[in-house]
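# model the structure of this input:
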Amino acid sequence: MRNATTEDMKSLTLCLNKLLSEGFEEDFKATDEGLQSLKTNKTYTPEQIQVVNFYRFEGASDPADNSILYAVETTDGAKGTLADAFGPYADEKVDKFMKDVEEIYKKNTATEKAELL
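I've put the predicted structure just below:
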């Protein structure tokens, strides 16, 4: 598998497509109970997931366009993504859940660094 390039990660859509090609097929959403798979309806606790990477996207002129994308793996092998607004428009449930996740990693390669935190 080749490393992601800056071009691969330039927009949220391109990044989602890249992650999908790497097997991150589940869509997750944060609920009061935890992180729910929209595919299986299974809900995971913060202890059952790790964030293997995350990407931040900043709107050129509108803070409402700021977003963050998490690449998530679960203890039972599910791989997927969770997208959220970043900053004042962030979902409180995502923020609360992510504060309890102990394993959050950021893979920074030389080709990604221009677009990523």
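# excluding chain neighbours, what is closest to Ala90?
Leaving aside its sequence neighbours, Ala90 sits nearest to Asp84 (Cβ to Cβ, 6 or more residues apart in numbering; 5.7 Å). For glycine as for every other residue, the C-beta is placed from the backbone atoms N, C-alpha and C.
# scratch that, Gly87
Asn66 (5.1 Å).
# and that neighbour, how far from Ala83?
Using Cβ to Cβ, to the nearest Å, Asn66 is found at 12 Å from Ala83.
# just want the most central residue of this protein.
Computing the C-alpha centroid of the chain and ranking residues by Cα atoms, centre = their mean puts Tyr70 first, at 1.0 Å.
# can you confirm that one is in a strand?
Yes - looking at Tyr70 with DSSP: H, G, I helix; E, B strand; the rest coil, it is inside a strand.
# that one reaches Gly80, doesn't it?
No - the pair Tyr70 / Gly80 is not scored as a contact, 9.1 Å apart, by Cβ atoms under 8 Å.
# ok, back up a step: which ones are touching the residue nearest to Gly87?
Contacts for Asn66 were tallied using Cβ atoms under 8 Å, 6 or more residues apart in numbering; they are Arg56, Phe57, Glu58, Gly59, Ala85, Phe86, Gly87, Tyr89.
# if we use 6 Å, what do you get?
Shown here is Asn66, whose contacts under the criterion Cβ atoms under 6 Å, 6 or more residues apart in numbering are Glu58, Gly59, Phe86, Gly87.
# OK, contacts around the first one?
Under the criterion of Cβ under 6 Å, 6+ apart, the contact list for Glu58 reads Asn66.
# where do the helices of the protein begin and end?
12-21, 92-100 (DSSP state H).
# now those as JSON lines including mean neighbour count, mean pLDDT and distance to Thr75?
Shown next, in JSON lines, are the helices of the chain (neighbours: other Cβ atoms under 10 Å; pLDDT from 0 to 100; distance: least, Cβ to Cβ, whole Å):
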{"stretch": "helix 12-21", "mean neighbour count": "16", "mean pLDDT": "94", "distance to Thr75": "19"}
{"stretch": "helix 92-100", "mean neighbour count": "14", "mean pLDDT": "95", "distance to Thr75": "15"}
